[in-house]
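Peer 1: below are the sequence and a predicted model; questions follow.
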Amino acid sequence: MRGPITQTLTPVTHDLGTFQVRRVLPARERSMIGPFIFVDQFGPAVLPAGAAIDVRPHPHINLATVTWLFGGEHAGAIDHRDSLGSFATIRPGQVNLMTAGRGIVHSERSPADERALMLVGGEASVDGVALDLYSLAVLAPGAAMTLTAKGGGRVMLLGGKAFTTLRHAGWNFVSSSRERMTQAKHDWDQGRFPKVPDDKDEFIPLPRVPNTIANP
């Protein structure tokens, strides 16, 4: 692909009943954009009275999750709970950060930053190239370009320095070690992860066929 956009990744949609989740990273064509290895977009959704977003407890290792709730006329809120005992209500326009994994000190250096755009509402283009809704447009490194929005476009920009070491991803787990990935899957399957206070009765089981795989 020529011009400012070097690659376009189309998300895979998962229907969770009351809303849909579109996962665009990792993809077969590309596993990461800078430090980002998972990129999910969900909604918009109009929930009937008595219904709610209901994502049961599930595990993560070796990553940080960033949840950004967009605002809107009828926007709601999301309650976050975790096994550390943290509780937060994420409201429109707010960002929630959760860090999972053990502490580690390391350095990774690279000269070429990676950037990508996702159109999440309205219309927008880059140097005249229209962005597709919910697709991830990978941008040419180091190139100057103009982002234009004529229809109230809302665009998410993400990226950073590219990782120089390989990362494996499977389901909700990320690690530089295949052995650590296998152990994490086994631990979740056997109920060895800590429980979420006040939300211990349900959980998402380990899928027998992972719906997300990168560098297996």
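Peer 2: Noted; the coordinates are in hand.

Peer 1: from memory residue 167 sits against residue 178, does it?
Peer 2: No: assessed by Cβ atoms under 8 Å, residue 167 is found out of contact with residue 178, at 10.9 Å. The C-beta positions use only the backbone N, C-alpha and C, and glycine is treated the same way.

Peer 1: just give me the residue closest to the centre of the chain.
Peer 2: For the chain, the residue nearest the mean C-alpha position is residue 39 (2.7 Å; Cα atoms, centre = their mean).

Peer 1: show me the contacts for it.
Peer 2: 23, 24, 25, 33, 118, 136, 158 (Cβ atoms under 8 Å, 6 or more residues apart in numbering).

Peer 1: quick one, which of those are buried?
Peer 2: Among these, those scoring as buried are 23, 24, 25, 33, 118, 136, 158 (criterion: 16 or more other Cβ atoms under 10 Å).

Peer 1: tell me the confidence at the spatially closest residue to the third one that is not a sequence neighbour?
Peer 2: With Cβ to Cβ, 6 or more residues apart in numbering as the measure, residue 39 is the residue that lies nearest to residue 25, at 4.1 Å, once sequence neighbours are left out. Predicted confidence (pLDDT) for residue 39: 89.

Peer 1: got it, and residue 118?
Peer 2: The predicted local confidence for residue 118 is 89.

Peer 1: and the nearest residue to residue 94 once chain neighbours are set aside, what is it in contact with?
Peer 2: Distances taken as Cβ to Cβ, 6+ apart put residue 69 closest to residue 94, at 6.0 Å, once the chain neighbours are dropped. Residue 69 is in contact with 75, 77, 78, 90, 91, 92, 93, 94, counting by Cβ under 8 Å, 6+ apart.

Peer 1: just residue 124 next, same as before
Peer 2: 117, 130, 131, 147, 148, 149, 150, 151, 153, 155.
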